[in-house]
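Colleague: Quick one, fold the following:
(one chain, ligands or ions: 1)
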Amino acid sequence: MARHTVIPLSSDVIGFAEIISSRSNPIDSDEQAPDPVLFQTDRMQRLSTPWPVSLTRAEQLADCRIGKGIILDPACGSGSQLFAYCQELNRPGLGIELDEDAAVLSAANGRVISQLSNGDWAPETFVLVGDGTEASAALDELGLSGQVIAALHVDPARPQDAQNHALNEMEPPIGELLQKWEKHLVIGNQGPAIIIDLSPRLLPEQQAEVEKLLNNLWPSSPITWEWVSTGRGRIDRLTIWFGSAAVAGTPARMLRLLPDGSVISFAGSRSKVKQDRAAYPKSGDWLTIVDSALLSSGLQGQWVREALPAESSRSWVRIDGRRPMLLSSEPLDMNKSLVKAFVSSTGEVISRLKVEPTLDNLSPILVSANYAYLSRLTLRCKMNPATQPKLQAQLDSGLKDYPRGKQGFLADVETKEGNAWFICREP
Ligand SMILES: C[S@@+](CC[C@H](N)C(=O)[O-])C[C@H]1O[C@@H](n2cnc3c(N)ncnc32)[C@H](O)[C@@H]1O
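Modeller: Have a look, this model is predicted:
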């Protein structure tokens, strides 16, 4: 008996999909081509890769030297990532999905995306309902055998609520998946092309475990780790690009999805970041709070080289938590979109606040803010969550009479003598 049911990207599938779920709302955008309007259940919407990220990744794969063959996603969910690859590479794809409804929606999404693209990949592209680890059975169903998979991309389901999870809790489990598909992968100059989405919460030991799984099967193939961030310190995705999908000599890459749907990408070597506890901000220096995703990627050294002139001093005065902070003697080059994309706040240090920011100390804080010609002072420092909105409201009301002033923020720095607070004025 067949273990997989084949769904072609036919016109009928749209009708079946409409019975299961409605289509997502289109995102209005004046400047860019609109995102395709895809079928998704609420669960799929939570799990699926945003279209601009799918597309950027597909462009990256198109730049890699992958062999002839089809693109496989053995746990394809909504199919948006798989069909972004098909569209960008103009190659047939194979999606496999355990959940029958999701598989139908995925095939319908394939149809929608193929109608918006110029390629001729759709007639040979299929979604199978069934287990993505059953490699040979799935290929048999389509009359395929041997090394036919030019690239394998998988985004396994993972436990939703767990802070951390073991690798074998991913569905389908990646070890088993790789073993079953191994003999069907096309081997290019750098090995097979494999892309695996992992939890951004994966510990460094677990990242090493994934590398080992891959290197045990294909020793000495290159690896590029990729982080995707939507800002505010949120790392949405951690992905390993392996073998022919990796960029040799480029161990790390960062994609930052901007609110307008565009994506900034940069890549390079990883370096360890060290906190400089001796650094002490003085007037005229600059304090910059950066997206914590940048430090997780290890690409901060390269980013700082883009952000600051060579003559500027630079030290990381905080490296953990949601608000890593850089101290520099010169302002950052905020005209570069790559630099701006990772900055939450940047400002010139105007003065040190001599008191702790509490409700009782409102007056001296207002005096310092006035001295800095500020019309708003945003609290960007650690404080009691109950006090923060109250103090912010009082500062807003106390500064509202100076509408021509600049924006500023209050940052805290851990110094040798304990916590210190600094009033910073934004450029
Ligand atoms: C995180 S989602 C994939 C999301 C997809 N990348 C997207 O953009 O929509 C993981 C999917 O794997 C499916 N899945 C889990 N185990 C599977 C298996 N053994 N075979 C096939 N699909 C499986 C789940 O039903 C789920 O839809």
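
Colleague: Show the end-to-end separation of stretch 83-102, please.
Modeller: Distances were taken as Cα to Cα, to the nearest Å; on that basis the terminal residues of stretch 83-102 are 15 Å apart.

Colleague: Equivalent analysis for stretch 255-275, please.
Modeller: The stretch stretch 255-275 measures 25 Å between its terminal residues, going by Cα to Cα.

Colleague: try stretch 270-289
Modeller: Taking Cα to Cα as the measure, stretch 270-289 stretches 20 Å from start to finish.

Colleague: could you give the mean pLDDT of that stretch?
Modeller: When pLDDT is averaged along stretch 270-289, the result is 94.

Colleague: do stretch 242-249 as well
Modeller: On average, the pLDDT along stretch 242-249 is 96.

Colleague: Report the buried residues of that stretch.
Modeller: Applying a neighbour-count criterion of 16 or more other Cβ atoms under 10 Å, one finds 242-247 buried in stretch 242-249. For the C-beta atoms, the positions are set from N, CA and C on the backbone; glycine is no exception.

Colleague: got a list of contacts for it?
Modeller: For stretch 242-249, the external contacting residues (Cβ atoms under 8 Å, 6 or more residues apart in numbering) are 61, 64-67, 151, 188-196, 214, 218, 221-224, 241, 253, 267.

Colleague: repeat that for 6 Å
Modeller: Stretch 242-249 is contacted by residues 64, 66, 188, 190-195, 214, 218, 221-224 when judged by Cβ atoms under 6 Å, 6 or more residues apart in numbering.

Colleague: Quick check: the residue of the stretch 51-200 of the chain nearest the ligand.
Modeller: In the stretch 51-200 of the chain, no residue comes nearer to the ligand than residue 77, which is 2.7 Å away by Cβ to the nearest ligand atom.

Colleague: And the residue of the stretch 201-350 of the chain closest to the ligand?
Modeller: Across the stretch 201-350 of the chain, the shortest distance to the ligand (Cβ to the nearest ligand atom) belongs to residue 237, at 9.9 Å.

Colleague: and that residue, that one's in a strand?
Modeller: Yes - using DSSP: H, G, I helix; E, B strand; the rest coil, the assignment for residue 237 is a strand.

Colleague: Tell me, how many residues neighbour it?
Modeller: Residues near residue 237, counting by other Cβ atoms under 10 Å, number 20.

Colleague: For it, give the beta-bridge partners.
Modeller: Judged by DSSP bridges, the bridge partners of residue 237 are residue 228.

Colleague: hang on, the earlier thing: sort out for me which of the buried residues of stretch 242-249 are in strands.
Modeller: With DSSP state E as the criterion, strands contain 242-243 from among those.

Colleague: Report the entries of the buried residues of stretch 242-249 that also contact the ligand.
Modeller: Among the buried residues of stretch 242-249, proximity to the ligand is found for none (Cβ under 6 Å from any ligand atom).

Colleague: how about TSV for the buried residues of stretch 242-249, with distance to residue 357 added?
Modeller: Written out in TSV, the entries for those read as follows (distance: Cβ to Cβ, whole Å):
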residue	distance to residue 357
242	48
243	52
244	53
245	49
246	47
247	45
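
Colleague: picking up where we left off before, pLDDT value on the residue of the stretch 201-350 of the chain closest to the ligand, please?
Modeller: Taken from the predicted model, the pLDDT recorded for residue 237 is 84.

Colleague: separation between it and residue 52?
Modeller: Distance, residue 237 to residue 52, by Cβ to Cβ, to the nearest Å: 13 Å.

Colleague: next one: residue 210
Modeller: In this view, residue 210 and residue 52 are 26 Å apart by Cβ to Cβ.

Colleague: same deal with residue 282?
Modeller: As for residue 282, its distance to residue 52 is 41 Å (criterion: Cβ to Cβ).

Colleague: cool, residue 109 as well?
Modeller: To residue 52, residue 109 is 16 Å away according to Cβ to Cβ.

Colleague: more crowded one of these two?
Modeller: Set side by side, residue 109 and residue 52 give different neighbour counts by other Cβ under 10 Å, the larger being at residue 109 (32 against 20).

Colleague: check contacts around residue 253.
Modeller: Counting by Cβ under 6 Å, 6+ apart, residue 253 has contacts 224, 226, 267.

Colleague: Chain neighbours aside, what residue packs nearest to the last one?
Modeller: Read it as residue 267. residue 253 (3.8 Å; Cβ to Cβ, 6 or more residues apart in numbering).

Colleague: what pairs with the one you found across the strands?
Modeller: With DSSP bridges as the criterion, the beta-bridge partners of residue 253 are residue 226, residue 267.

Colleague: Is the most far-flung residue of the chain relative to its centre within a helix or a strand, and which one?
Modeller: The outermost residue of the chain relative to its centre, with distances by Cα atoms, centre = their mean, is residue 363 at 41.9 Å. In this assignment (DSSP states H and E), residue 363 forms part of helix 362-371.

Colleague: Show me which parts of that helix are buried, residue by residue.
Modeller: Residues of helix 362-371 classed as buried: 362, 365-366, 368-369 (neighbour count, 16+ other Cβ under 10 Å).

Colleague: and if you look at stretch 350-357?
Modeller: Of the residues in stretch 350-357, 350-353, 357 count as buried by neighbour count, 16+ other Cβ under 10 Å.

Colleague: Run through who's touching it.
Modeller: Outside stretch 350-357, the residues within contact range by Cβ under 6 Å, 6+ apart are 361, 364, 368, 372, 420-423, 425.
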